[in-house]
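Chemist: Predicted model and sequence below, questions to follow.
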Amino acid sequence: MKRDLLEQLQNWKTHPLRYPLVLRGARQVGKSWLVDEFGKSFEHIVKLNLEKDKAAATLFTETINIPALIQKIRYYTETPIEPGKTLLFIDEIQESENALRTLRYFKEDFPQLHVIAAGSLLDFVIEKIGMPVGRVQFLHLYPLSFAEFLTAINRDDLRTMLLDENPTGVIHDKLLEFVKLYSLTGGMPAVVSAWLDYENAYYCQEIQDTIIHTYQQDFNKYARSAQIEYVTTLFERIPDQLGKKFKYSEVDEHISIHHLKQALQLLRKAGIAYYCYHSSAQGLPLGASKNYKKFKVFFFDIGLAQRILGTQIKDWVIQSALPQHNGAMAEQFVAQQLIAHSNPTAPAELSYWHREARNSNAEVDFLIIKNGKIIPIEVKSGIKGKYRSLQLFLDYHPQSPFGVIISSGEYRERMDGYFSFPFYSLESLLSVNLEEIKQE
């Protein structure tokens, strides 16, 4: 399996202004595997797993002395630590606040050494102790994107083709079949690996069930005992509201909004839930005009979301190209790709637009920025449909040059000024230069 973030790590390795790097992401998205794979480009890799090896955690103390620490790590691991030749990988660093505090001093006291830290639920510890800006760097890792999925299943030929061509006919149909497969497996590396090894849907769903159970066990680590019930309820109910303006009352009318708000914030910090805020989209940045009271919530992985909703083995065979939960899973698919292809040095952000007026409601599913222009995106689970909301957005936002429709149809430049992209072409849409797209 190959991850796109490997290229970012290679750039970091050779950058003259390199800082210690913290790899962030939800549990089991492949952080440890990624660093292990990257570590093959060094002569030596020193790996300390502070969760599995409690003794290793004691190497980090409140008194910070980097040269002495390096010496102790060298003795403990019996591995050479040579600047430029050794990668020091501190895994599950959230288990030691002292280790996390120590990171900032590697740049000052031992800048030649390559240091990477990773861990699950890191945001909770970082929020608690703080991380000075300019002392460490961050990269965010998410479940595999659809493009990475194509590479993983040995169809990099199709991925490369999509960056230059717009397939039709049987190739288009073949890609939609892969969209269907991805929407069921999701992008969790363990599930994708199981499909690669066995092509057995039962095995994949068993792993999905295990991952879901692991996440539920994690609730004990970051939620107070009184909050676990609310976090569990939200975890199971978020997939019910995908693609809709989120309403706490639809989660459980017997739980107070206050408790659910706190629980949702915990799931966001854990990398499980992603907010998509309403923006008036009257200028850049989009975040400057977002409304914190109006938002949608998306799950971090489409395969797990489907499993929580009760997807069964028969669905792997009879289901159409994308799951039909009133178009909600189609939006989840797009949201997951937008997150996966976002700038990895900053947390992913999603935006949408809606207009609430008597007899004139309208909603555009997503907003993206291309070459300084706001581009509205409407998602359709099928091919046909009306685009009144998209047109209304363009009428009120003349600075937006055109709208984009994501559907199961083939790519085309429409006579009405819209551009239709199939689900599988999102990497192409997000990488294409705006000036290269013909504007009517």
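Modeler: On my side now, so go ahead.
Chemist: Point out where the stretch 1-150 of the chain drops to low pLDDT.
Modeler: 132-133 (pLDDT under 70).
Chemist: One more pass at 90, please.
Modeler: 1-2, 120-135 (pLDDT under 90).
Chemist: ranges for the strands of it?
Modeler: Per DSSP state E, counting those that start in this stretch, the stretch 1-150 of the chain carries strands over the ranges 21-24, 44-49, 86-91, 114-118, 137-140.
Chemist: Serialize those strands to CSV and add fields for distance to residue 168.
Modeler: Quick note: C-beta positions are derived from backbone N, CA and C, even for glycine. Below are those laid out as CSV (distance: least, Cβ to Cβ, whole Å):
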stretch, distance to residue 168
strand 21-24, 40
strand 44-49, 46
strand 86-91, 46
strand 114-118, 42
strand 137-140, 35
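Chemist: now the ones you listed in JSON lines, with mean neighbour count?
Modeler: JSON lines is the format used below for these (neighbours: other Cβ atoms under 10 Å):
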{"stretch": "strand 21-24", "mean neighbour count": "23"}
{"stretch": "strand 44-49", "mean neighbour count": "19"}
{"stretch": "strand 86-91", "mean neighbour count": "24"}
{"stretch": "strand 114-118", "mean neighbour count": "25"}
{"stretch": "strand 137-140", "mean neighbour count": "19"}
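Chemist: now the residue most central in space within the chain: how far from residue 311?
Modeler: In the chain, the residue lying closest to the centroid (Cα atoms, centre = their mean) is residue 142, at 3.6 Å. According to Cβ to Cβ, to the nearest Å, residue 142 stands 21 Å off from residue 311.
Chemist: Over to residue 83?
Modeler: From residue 83 across to residue 311, the span is 50 Å (Cβ to Cβ).
Chemist: Could you do residue 69 as well?
Modeler: Distance, residue 69 to residue 311, using Cβ to Cβ: 48 Å.
Chemist: and the longest strand for the chain?
Modeler: For the chain, the strand with the greatest residue count under DSSP state E is strand 290-299.
Chemist: May I have it exported as CSV, CA atoms only?
Modeler: What follows is strand 290-299, C-alpha atoms only, in CSV (Å, rounded to 0.1, in the frame of the first residue of the first chain):
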residue,chain,number,x,y,z
LYS,A,290,-19.1,31.0,8.7
ASN,A,291,-22.0,30.6,11.0
TYR,A,292,-21.1,28.4,14.0
LYS,A,293,-24.8,27.7,14.7
LYS,A,294,-25.5,26.2,11.3
PHE,A,295,-23.5,23.2,10.3
LYS,A,296,-23.6,19.7,8.9
VAL,A,297,-21.6,16.8,10.4
PHE,A,298,-19.7,14.1,8.4
PHE,A,299,-18.2,10.9,9.6
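Chemist: Just the buried positions in it, please.
Modeler: Residues 290, 295-299 are the ones in strand 290-299 that count as buried (16 or more other Cβ atoms under 10 Å).
Chemist: where along the stretch 1-150 of the chain do the helices fall?
Modeler: Secondary structure of the stretch 1-150 of the chain (DSSP state H, counting those that start in this stretch): helices at 5-14, 31-38, 54-57, 66-77, 97-109, 122-129, 146-152.
Chemist: remind me which residues of the stretch 151-300 of the chain are low pLDDT?
Modeler: Applying pLDDT under 90 to the stretch 151-300 of the chain flags residues 201, 226, 253, 282-290.
Chemist: need the helices for the stretch 201-350 of the chain, in chain order.
Modeler: For the stretch 201-350 of the chain, the helices defined by DSSP H, counting those that start in this stretch occupy 201-222, 228-237, 257-269, 302-308, 315-318, 328-340.
Chemist: neighbouring contacts of the second one?
Modeler: In this structure, residues lying in contact with helix 228-237 by Cβ atoms under 8 Å, 6 or more residues apart in numbering are 215-216, 219-220, 223, 250-252, 255, 259-260, 262-264, 266-267, 272-273, 308.
Chemist: just the buried members of those residues?
Modeler: Among the contacts of helix 228-237, the ones that count as buried by 16+ other Cβ under 10 Å are 215, 219, 223, 251, 255, 259-260, 262-264, 266-267, 272-273, 308.
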